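> prediction below, plus the sequence it came from.
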Amino acid sequence: MTIANLSRTDHVALGDRLRYLLALRFAIAVTTVAFAAATTASLGVPLETLAVLAVCYLAVALVFEWLGQQVPGASFASLTVMLLVDGVFLAAAVYATGGIESPLRFLVYIHLVAVSLLASYRTGLKIALWHSLLVLVVLYAQAAAILPPVDVQPGAPTIGSLPVISVTAFWLFALATSLFSALNERELRQRREDLESLVAMGTSLDDEGDPFQQASFVLEGLVDRYGFPRGLALGVVDDGMVILGSLGLTDAPLRAAVAVDPILERAWETRSPIALRRLDATTNPALGALLPHGRRVIVAPMVADGRPVGALVLEHP
């Protein structure tokens with residue numbers, strides 16, 4: 001996979017996320033207008049005004065969606081601007097349908113979750129701050145008699161009021177969402193880095209026919225990626241095993257003969273890596289001599305055509 005292919009993949013993924021957010025915006029606008037139409041008696045603004053605002057909101061969303069799809073370089077800018085527009089529309093919708101006690105306030109939570117999962121947890125925190133600022137702006141505008149009162153009366157104190165408490169609860173929700181989203185992003189990023197390391201390692205192996213150089217490439221790649229302090233690459237020969245490569249070991253010369261320990265036979269039989277808390281020199285004398293005082297050791301078998309061809313023995317830091 002080349003850098004150009006990765007860039008195209010990133011753009012396709014961003015394009016999909018923009019479309020998902022566009023669908024969410026349509027759902028938010030439709031839900032807002034439908035709820036307003038069902039509760040016209042309690043609206044803070046005329047239904048026609050809210051409907052026009054929703055139509056304008058969707059028109060702006062379509063324009064920026066088209067711009068993000070047609071101009072790849074403008075995708076991130078389009079996403080950023082529309083997230084700010086989302087906050088303004090949601091603040092207006094919540095205010096117009098009952099303020100902080102409006103059922104539509106849950107749309108703000110849904111929007112935060114969608115942004116945290118589709119964009120990033122950092123973007124989610126920024127959007128949480130934006131939503132909070134808009135709520136407080138509307139709140140203080142009511143207290144200053146700039147907007148008709150819904151949440152608080154003009155001149156009334158806002159500190160300790162229900163809207164401020166709601167904003168605090170919203171931030172607890174935002175932090176929890178961002179925390180779990182960050183863990184998810186970290187796992188996905190590690191998987192992608194693992195894949196890129198395997199691709200680079202495979203390319204190096206294809207270009208090299210010497211098994212000793214191949215073993216060196218594999219060990220160096222694993223050490224660079226995972227930080228193993230010590231490691232061995234072993235190959236099967238007719239009379240046992242030989243050392244194909246080593247890192248962090250002074251008593252493991254290349255081509256040196258190695259006896260087959262029971263743990264190696266077990267790994268070949270199960271065809272799966274085996275993790276050892278401590279490498280016992282009594283039960284595994286060959287590996288114990290090569291990796292003295294080895295702890296947190298991973299034995300990974302190498303099998304080809306149903307036959308064992310070697311093993312990797314790595315010590316986790």
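Noted; the coordinates are in hand.

> phi and psi next, for Ser272.
Main-chain torsions, Ser272, degrees, to the nearest 10: phi -150, psi 150.

> for Val30, same thing?
Here Val30 shows phi and psi, under degrees, to the nearest 10, equal to phi -60, psi -40.

> any idea which helix or strand comes after the helix or strand of the chain with the lowest mean pLDDT?
Lowest on mean pLDDT, DSSP states H and E among the helices and strands of the chain sits helix 211-226, with a mean of 70. Tracing the chain past helix 211-226, the next element assigned as helix or strand by DSSP states H and E is strand 230-237.

> buried stuff in stretch 97-104?
Thr97, Gly98, Gly99, Ile100, Ser102, Leu104 (16 or more other Cβ atoms under 10 Å). For the C-beta atoms, the positions are set from N, CA and C on the backbone; glycine is no exception.

> distance-wise, check the last one relative to Pro273.
If I follow you right, that is Leu104. Separation of Leu104 from Pro273 (Cβ to Cβ, to the nearest Å): 52 Å.

> chain center to the strand or helix carrying Val242: distance?
Assigned by DSSP H and E, Val242 belongs to strand 240-247. In terms of Cα atoms, centre = their mean, to the nearest Å, the centre of strand 240-247 is found 38 Å from the chain centre.

> list the helices and strands it packs on?
Secondary-structure packing of strand 240-247 (3 or more Cβ pairs under 8 Å, 6 or more residues apart in numbering; DSSP states H and E): helix 211-226, strand 230-237, strand 257-258, strand 307-315.

> which parts of it are buried?
Buried residues in strand 240-247, counting neighbours by 16+ other Cβ under 10 Å, are found at Met241, Val242, Ile243, Leu244, Gly245, Ser246, Leu247.

> contact partners of it?
Contacting residues not belonging to strand 240-247 are listed as 211-212, 214-216, 218-220, 223, 228, 230-235, 252-260, 264, 290, 310-311 [Cβ atoms under 8 Å, 6 or more residues apart in numbering].

> run the last query once more with 6 Å
211-212, 215-216, 219, 223, 231-235, 252, 254-260 (Cβ atoms under 6 Å, 6 or more residues apart in numbering).

> among those, name the buried ones.
By neighbour count, with 16+ other Cβ under 10 Å, those hold 211, 215-216, 219, 223, 231-235, 252, 258, 260 as buried.

> now render the helices and strands packed on strand 240-247 as TSV, adding distance to Ala128.
Putting the helices and strands packed on strand 240-247 into TSV (distance: least, Cβ to Cβ, whole Å) gives the following:
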stretch	distance to Ala128
helix 211-226	34
strand 230-237	44
strand 257-258	57
strand 307-315	42
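
> if we compare these, which one ends up closest to Cys56?
Judged by Cβ to Cβ, the one of these that comes nearest to Cys56 is helix 211-226, at 50.2 Å.

> helices of this structure, start to end?
Shown for the chain, the helices assigned by DSSP state H span residues 3-38, 47-70, 75-96, 105-118, 121-143, 162-206, 211-226, 262-270, 285-290.

> nearest to Val299, of those helices?
helix 262-270 (4.9 Å).

> partner strands of the strand holding Val242, with direction?
Partner strands for strand 240-247, per DSSP bridges, with pairing direction: strand 230-237 (antiparallel), strand 257-258 (antiparallel).
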